[in-house]
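Colleague: turn this into a structure:
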Amino acid sequence: MQSKDERHVLRIGFWASLLALLGAVGYFLSALLQIFGVLNDLQDAVLAFGSSLLMPVPFLLTMLALHALAPMDRRFWSMAAVAFAVVYTTYNTLNYVVQLVTVLPAGYTWNFENQAGTQGPLTLLNQTPHSLFWDIDGLGYIFLNLATLFAVPLFARTGLERWIRWIFLANAAITPLFAITYFAPVYSVPILLLGGIPWSITVPACFVVLALYFRQRMSADPTGIADPSAVEVVPSGRSEAE
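Modeller: Below is the predicted model:
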């Protein structure tokens, strides 16, 4: 039987997964628009950082929800997943807020032709390839991948949970490609695609299967009564669980 608190946790996990998915799709869209030059540099950066900001806190909430639902013998794995999610949330939220409220309003941008970006007093804060905040951003996503890796033992090997295991493992497996994209000596469209294409598949997929997982658990016991057959009608006309 689900408690009231457990149902609240499942709802939070479900909606947090969808919000994080929205952020991932928005970032992927911004990358495509950057490659094809649809938006100017400032517009594309606002879309990229604004969408990305939707991901860290919701992702942390999904990991906290998994921890709250985890049995005691798997709490090490859920706590490790939460710890890695905290690092991702801290690093990337810091980065996106700095870019959105300080760097971009001051007119600092970059593009593939000018990867050094706008020069001036705030150059150090501008997330250009191989800059301080570029490295922080890359490290954050590596910790996101570690969080999904350590969350794998929380799921069974059957049904939807089996798919979650495989998708989480796939997301962890792309970490070397993602690291090359961020930390290779040069940066170009092919390097972006090397890590960006796998990322655009595995990260949104993680959020999709998490949303399905929380939704499935909510649907399994929507009234809080684990077994509807275990309801007996008493003479007063009320029903109560055995």
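
Colleague: any idea of the pLDDT on Ala81?
Modeller: Confidence at Ala81, expressed as pLDDT, is 98.

Colleague: who's in contact with it?
Modeller: Met63, Leu66, His67, Ala147, Thr148, Phe150, Ala151, Leu154 (Cβ atoms under 8 Å, 6 or more residues apart in numbering). C-beta coordinates here come from the backbone N, C-alpha and C atoms, glycine included.

Colleague: so what's Phe178 up against?
Modeller: Going by Cβ under 8 Å, 6+ apart, Phe178 touches Gly138, Tyr141, Ile142, Asn145, Gly195, Pro198, Trp199.

Colleague: which SSE is it in?
Modeller: helix 175-183 (DSSP states H and E).

Colleague: following that helix, which helix or strand comes up?
Modeller: With elements assigned by DSSP H and E, the helix or strand that comes after helix 175-183 is helix 189-220.

Colleague: rewinding a little: how about JSON lines for the contacts of Phe178, with neighbour count added?
Modeller: Listed next are the contacts of Phe178 as JSON lines, based on neighbours: other Cβ atoms under 10 Å:
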{"residue": "Gly138", "neighbour count": "18"}
{"residue": "Tyr141", "neighbour count": "22"}
{"residue": "Ile142", "neighbour count": "21"}
{"residue": "Asn145", "neighbour count": "23"}
{"residue": "Gly195", "neighbour count": "21"}
{"residue": "Pro198", "neighbour count": "18"}
{"residue": "Trp199", "neighbour count": "23"}
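
Colleague: now the helices for the protein?
Modeller: Along the chain, counting by DSSP state H, helices occupy 4-36, 41-52, 56-69, 75-98, 132-151, 159-173, 175-183, 189-220.

Colleague: the ones you listed: which one's closest to Tyr108?
Modeller: Closest of these to Tyr108 is helix 41-52, at 8.9 Å (criterion: Cβ to Cβ).

Colleague: just the buried residues of that closest one, please?
Modeller: Asp41, Asp44, Ala45, Val46, Leu47, Ala48, Phe49, Gly50, Ser51, Ser52 (16 or more other Cβ atoms under 10 Å).

Colleague: what helices or strands is it leaning on?
Modeller: helix 4-36, helix 75-98 (3 or more Cβ pairs under 8 Å, 6 or more residues apart in numbering; DSSP states H and E).

Colleague: looking at this structure, which helix or strand is least sure?
Modeller: Ranked by mean pLDDT, DSSP states H and E, the helix or strand of the chain with the weakest confidence is strand 231-233, at a mean of 39.

Colleague: which residue is the nearest non-sequential neighbour of the residue nearest the centre of the chain?
Modeller: With distances taken as Cα atoms, centre = their mean, the residue of the chain nearest its centroid is Phe59 (4.3 Å). Spatial nearest neighbour of Phe59, excluding adjacent residues (Cβ to Cβ, 6 or more residues apart in numbering): Ala20 at 5.0 Å.

Colleague: re the thing from before, mind putting the helices of the chain into CSV with distance to Gly117?
Modeller: Compiled in CSV, the helices of the chain are given as follows (distance: least, Cβ to Cβ, whole Å):
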stretch, distance to Gly117
helix 4-36, 14
helix 41-52, 9
helix 56-69, 23
helix 75-98, 14
helix 132-151, 10
helix 159-173, 30
helix 175-183, 16
helix 189-220, 16
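
Colleague: great, nothing more from me.
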